[in-house]
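>>> Please work out how this folds:
(one chain, ligands or ions: 1)
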Amino acid sequence: MEVEKITVVGAGLMGHGIAQMASQVGGYHVSLLDVDQGFLDRGMKWIKQSLNKFVEKGVVTRERADETLERIHPTLNVEEAYKDTDLVIEAVPEKVEIKRGVFEKADELTSPETIIATNTSSISITLLASFTGKPERVVGMHFFNPPQLMKLVEIVKGKQTSDQTVQTVKTVAEKIGKETVIVKKDSPGFIVNRILIPALNEALYLLWEGVAEPEDVDKAIKLGLNWPMGPFKLLDYIGLDTALSVINVFFEEFKDSKYRPCPLLTQMVRAGLLGRKTGKGIYDWKKK
Ligand code: 3HC
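Below is the predicted model:
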């Protein structure tokens, strides 16, 4: 199946970057759908800032940046967004009820051939597929933050995802300039988050137990393991709320106490200390 038009649902942290790369590198026509004009405006502002950075660095020409923008159509209109689309990539908040609404609407308004992919980091692909009448065309396409710079896309099979669907989204991801891995089984956290999120949770336990200061934990992991950023900087970057929702899914799905969220994580989320996006998490980003 040849993909020409992509609809990205959600213009947030991930959605705007996915839309940008689909247009910038893949050359696809992209509809960027959201529920609020403010979210669309912010997403387009981020895309322009990122493109300006790429132009500054000589990664793309000004002409290419302008063409990238011309191929992206921000809209609040679902009919318009889904019209003649070949692939939907859902990147809305990690809440089953919100995703359910998107999946049901996309199923209703797109052609039977249209593939519906999700950028979920932890929700079951099989569950999301059950909200549609075509589970064989539902698949995980998990990008990493920031989607403009991170090379990987995990392609995740749900229980009924067809091999043809997997092949189509693999081709699209590669055309967008990404490397892919296939996750053969719909398992919580797929590959990367299954390893990363418990590691970040463990780093929080170090802090909770008073074993070391955040700066020293970050320094240790940067210099001792060659991570590009330490676990606390990364947590602030990902968002503590996202980390908590992923570890909670592990705890519930595996019923294993090794995935118990660190009480400090729960507390910080309750306090609204979510990381860079709220200005304060483990670190104070207003000061930095
Ligand atoms: N578009 C264009 N340029 C961008 C950009 C964007 N969106 N974001 C950053 N840049 C630019 C920066 O402005 C900077 O430009 P400069 O050199 O002119 O200052 C340049 O890219 C490099 O950025 P940094 O200075 O921050 O340098 P780094 O070498 O550290 O690169 C990074 C940034 C690639 C983000 C690197 O820090 C990194 O790999 N960090 C780890 C990220 C990571 O682990 N992501 C995965 C999170 S887990 C996830 O997403 C899964 C989810 O489900 C939870």
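>>> which one is residue 251 nearest to, not counting chain neighbours?
Nearest residue to residue 251 in three dimensions, chain neighbours excluded: residue 259, at 4.3 Å (C-beta to C-beta, 6 or more residues apart in numbering). For the C-beta atoms, the positions are set from N, CA and C on the backbone; glycine is no exception.
>>> tell me the mean pLDDT over the helix or strand containing residue 54?
When elements are assigned from DSSP states H and E, residue 54 belongs to helix 37-56. On average, the pLDDT along helix 37-56 is 98.
>>> dump the residue contacts of residue 117.
For residue 117, the contact set (C-beta atoms under 8 Å, 6 or more residues apart in numbering) comprises 87, 88, 89, 90, 138, 139, 140, 141, 169.
>>> Which neighbouring elements make contact with the helix or strand containing the second one?
Assigned by DSSP H and E, residue 88 belongs to strand 87-90. Under the contact criterion of 3 or more C-beta pairs under 8 Å, 6 or more residues apart in numbering; DSSP states H and E, the helices and strands touching strand 87-90 comprise strand 5-9, helix 15-24, helix 96-109, strand 115-118, helix 163-175.
>>> Tell me which of those approaches residue 208 most closely.
Distance to residue 208, taken as C-beta to C-beta, is lowest for helix 96-109 among the helices and strands packed on strand 87-90, at 28.7 Å.
>>> From the structure, what's the count of residues near the closest residue to residue 105 other than its chain neighbours?
Nearest residue to residue 105 in three dimensions, chain neighbours excluded: residue 78, at 5.9 Å (C-beta to C-beta, 6+ apart). Residue 78 has 18 neighbours, counted by other C-beta atoms under 10 Å.
>>> Cross-check the contact I'm expecting between residue 78 and residue 109.
Yes. Here residue 78 reaches residue 109: they are 6.2 Å apart, a contact under C-beta atoms under 8 Å.
>>> Just the pLDDT for the residue nearest to residue 105.
Residue 78 carries a pLDDT value of 98.
>>> ok, now residue 184?
At residue 184, the predicted lDDT confidence score is 97.
>>> Kindly report the same for residue 287.
Per-residue pLDDT puts residue 287 at 81.
>>> what does residue 277 give?
Residue 277 is assigned 89 on the pLDDT scale.
>>> count of neighbours near the residue of the stretch 151-288 of the chain found nearest the ligand?
In the stretch 151-288 of the chain, the residue that lies nearest the ligand is residue 228 (3.8 Å; C-beta to the nearest ligand atom). By the criterion of other C-beta under 10 Å, residue 228 has 7 neighbours.
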